[in-house]
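# Below is the structure, and that's it, no one-letter string:
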């Protein structure tokens with residue numbers, strides 16, 4: 001048995017953390033030099049309330065530092081447990097680098113133990129799906145090495161798409177220019193974005209949220225219809241629960257399956273750049289469908 005640790009990019013609820021017996025290393029959010037640990041000093045709801053109300057302040061997020069990882073890992077290493085750490089994409093955050101620095105230090109102090117760090121190349125609901133597969137592997141009795149190998153195979157099948165109500169928060173963070181944000185707002189255009197090789201890229205601009213959701217559903221049905229029994233799907237939102245619930249129900253009917261993964265409230269790590277109204281959609285292959293080819 002080994003311990004699973006993830007940074008807060010996975011957007012797991014506290015209930016899921018407790019049920020699955022995992023450890024989460026939180027990110028930090030900075031409101032005008034007020035540094036807070038997400039999920040510890042400030043809840044997701046409180047964060048978004050401040051984000052929308054404090055117009056003159058743009059909050060910045062920062063990754064866990066190596067000490068955060070070391071502090072979390074030591075109790076398990078002292079008990080003789082090995083550790084596997086999953087992080088948000090290294091192209092979006094320095095969390096992976098922090099975890100690697102921590103792992104190198106810990107290996108010197110605990111040479112008999114293993115600390116494996118995996119860059120998910122994803123975030124939010126997609127990172128959460130990968131983490132859920134890791135939990136299933138652990139609970140099925142797979143070794144740490146087998147879990148690490150299969151996790152990388154699951155990552156290769158993972159896709160995530162998201163859409164935003166506004167480009168304002170991307171503009172605040174310098175991710176798009178003010179002209180792009182203004183034109184998008186005037187025309188009512190909503191971007192369809194994806195994570196590709198760990199980085200954000202834009203697939204399309206579509207007028208109207210209903211059209212966006214229709215196109216994403218059609219794309220997912222087209223991609224998954226022939227392997228729907230091998231796939232796990234996750235849907236996330238920021239203050240858009242009604243739309244997330246409706247999309248899930250519609251997609252279940254279109255694919256003829258039940259989506260068991262709970263609808264996720266997207267957290268501050270991604271939410272600081274996405275803003276209220278954002279929706280995220282992810283899928284990956286179940287590890288069992290890959291196990292034979294990877295571990296044979």
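That came through, no problem. These figures come from a predicted structure and were not determined experimentally. Numbers count the residues shown, from 1 in each chain.
# which regions of the chain sit below the pLDDT cut-off?
Within the chain, the stretches with pLDDT under 70 are 170-188, 296.
# do you know how far the residue nearest to residue 31 when sequence neighbours are not counted is from residue 161?
Leaving aside its sequence neighbours, residue 31 sits nearest to residue 59 (Cβ to Cβ, 6 or more residues apart in numbering; 5.0 Å). (C-beta placed from N, C-alpha, C; glycine too.) Residue 59 is 25 Å from residue 161, where distance means Cβ to Cβ, to the nearest Å.
# ok, which stretches of the chain are helices?
Listed in chain order, the helices found in the chain under DSSP state H are 14-20, 44-53, 66-78, 95-109, 124-139, 144-156, 168-172, 178-187, 209-224, 241-255, 268-274, 288-295.
# now these in CSV, with mean neighbour count?
As requested, the helices of the chain are exported to CSV (neighbours: other Cβ atoms under 10 Å):
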stretch, mean neighbour count
helix 14-20, 13
helix 44-53, 16
helix 66-78, 17
helix 95-109, 19
helix 124-139, 24
helix 144-156, 18
helix 168-172, 21
helix 178-187, 13
helix 209-224, 16
helix 241-255, 15
helix 268-274, 25
helix 288-295, 14
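# Which of the ones you listed sits closest to residue 85?
The closest of the helices of the chain to residue 85 is helix 95-109. By Cβ to Cβ, the value is 5.0 Å.
# could you measure the residue nearest to residue 31 against residue 51, distance?
The span separating residue 59 from residue 51 equals 6 Å under the rule Cβ to Cβ.
# anything in contact with each of these two?
The contact sets of residue 59 and residue 51 overlap at residue 272 (Cβ atoms under 8 Å, 6 or more residues apart in numbering).
# circling back: for the residue nearest to residue 31, grab phi and psi.
Its backbone dihedrals place residue 59 at phi -70, psi 140, with angles given as degrees, to the nearest 10.
# got a list of what it touches?
Taking Cβ under 8 Å, 6+ apart, we find residue 59 in contact with 29-31, 47, 50-51, 268, 272.
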